[in-house]
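Student: Okay, here's the prediction I keep looking at, along with the sequence it came from:
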Amino acid sequence: MYKQFLTILLLFFISSCSNTNDDEVVDNSIIPANNLLPAPQPITFNVDAVYPHDTGAFTQGLQFYKGKLFESTGLPDKSTLRIVDIKTGNPEKKYLIPDANIFGEGITIFKDRIYQLTWENNKIFVYNVSDISHLVNTLKWKFQGWGITNDGQNLIISDGSDKLYFIRPDEPNHDIKMMKIISVADNRGPVDSLNELEYINGYVYANRWYSNEIVKIDTANGHVVGKIDLTGLLQQYDPSEKVGDSAVLNGIAYDSTTKKLFITGKLWPKMFEIRLN
């Protein structure tokens, strides 16, 4: 009798656990983080060149495309999209967003379109890459906009959390299609404050806001597999330069021809060309 009672109790427990509330919504598009992870490997680098950078540029996005460096800057009434002369730091072309309430954020170039995020305005601006002063579309985005890159098929967006959103633009409807969401984590747990992004060979490299590190994220599962520590980089090459608290590391652009990265920060006086080891 005791064994029969245990058997019935076990069956009841299994049945209870397997029942799902009809009102419960399970979002299978979100790939959860796994905290049982190895620690990210340190990634070392060499600085190959140092260039001037516009100290008035509150850098939010950086993109190297067909030999040209594109930059997006933020702040109300100062948000711009520009093409920058790397050697001088000066803009060759610059478009000032006319709405003073817009706070520009990250950019990426995808299928000859420039996609520029806005911070809290729930908009993604779309330009033809051949004419940065011509806005051709505006897409709706329901989250904050921080960083954006693309993997050749999807736009990948960060919103300051530990999430990366993979979307496809639906330009005729001024909207987007959500493809998947991944949660980013390392061995210590979720990794948030993901800011400017750059996609390189299956990985997203992300600045973390108010930190001196760039994290390397496996886009298959959201695991942080590497970290680049850039502590003291600006002070090493420009020790006399004084920058404010808002002048934080932000800006990653990859040159697929030379396999090098261009790195800068908000209001930084320098831009660095680095080679990862």
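Tutor: Right, received. Where do you want to start?

Student: Nearest residue to Ile107 in space, ignoring adjacent ones along the chain?
Tutor: Gly61 (3.7 Å; CB to CB, 6 or more residues apart in numbering). (C-beta placed from N, C-alpha, C; glycine too.)

Student: Mean confidence (pLDDT) on the helix or strand harbouring that neighbour, please.
Tutor: In this assignment (DSSP states H and E), Gly61 forms part of strand 59-65. Mean pLDDT, computed over strand 59-65, is 97.

Student: And the following helix or strand past that strand, what's buried?
Tutor: Using DSSP H and E, the helix or strand that follows strand 59-65 in sequence is strand 68-73. Buried positions in strand 68-73, judged by neighbour count with 16 or more other CB atoms under 10 Å: Leu69, Phe70, Glu71, Ser72, Thr73.

Student: and the angle from the helix or strand that strand 68-73 is followed by to strand 59-65?
Tutor: Next helix or strand after strand 68-73 toward the C-terminus (DSSP H and E): strand 80-84. Angle, strand 80-84 to strand 59-65, by axes from the mean of the first three to the mean of the last three CA atoms, to 10 degrees: 40 degrees.

Student: Just the residues contacting strand 80-84, thanks.
Tutor: Here strand 80-84 makes contact (CB atoms under 8 Å, 6 or more residues apart in numbering) with 54, 57, 68-73, 90-97, 104, 107, 114, 116, 127, 132.

Student: now the strand holding Gly61, how far from the centre of its chain.
Tutor: 11 Å (CA atoms, centre = their mean, to the nearest Å).

Student: Likewise for stretch 228-246?
Tutor: Mean C-alpha position of stretch 228-246 versus that of the full chain (CA atoms, centre = their mean) differs by 22 Å.

Student: Pull the residues that contact that stretch.
Tutor: Stretch 228-246 is contacted by residues 42-43, 45, 47, 50, 58, 205, 212-216, 249, 263, 265-270, 272, 276 when judged by CB under 8 Å, 6+ apart.

Student: coming back round to it: give the pairing partners of the strand holding Gly61; include direction for each.
Tutor: Under the criterion DSSP bridges, strand 59-65 sits next to strand 68-73 (antiparallel) in its sheet.

Student: Quick one, which of the contacts of strand 80-84 are buried?
Tutor: The buried subset of these (16+ other CB under 10 Å) comprises 54, 57, 69-73, 91, 94-95, 97, 104, 107, 114, 116, 127, 132.

Student: In strands, which of the residues you listed appear?
Tutor: Those of the buried ones among the contacts of strand 80-84 mapping onto strands are 69-73, 91, 94-95, 104, 107, 114, 116, 127, 132, per DSSP state E.

Student: Make CSV out of the residues you listed and add distance to Ile83.
Tutor: Shown next, in CSV, are those (distance: CB to CB, whole Å):
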residue, distance to Ile83
Leu69, 7
Phe70, 6
Glu71, 8
Ser72, 11
Thr73, 12
Pro91, 7
Lys94, 8
Tyr95, 9
Gly104, 15
Ile107, 11
Ile114, 10
Gln116, 13
Tyr127, 11
Ile132, 7
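
Student: closest to Ser79 among these?
Tutor: Nearest to Ser79 among these: Gly104, at 3.3 Å, using CB to CB.

Student: In this structure that closest one contacts Gln116, no?
Tutor: Yes. Taking CB atoms under 8 Å as the definition, Gly104 is a contact partner of Gln116 at 6.2 Å.

Student: Now for these two: what residues contact both?
Tutor: Contact with both Gly104 and Gln116 is made by residues Gly61, Ser72, Leu81, according to CB under 8 Å, 6+ apart.
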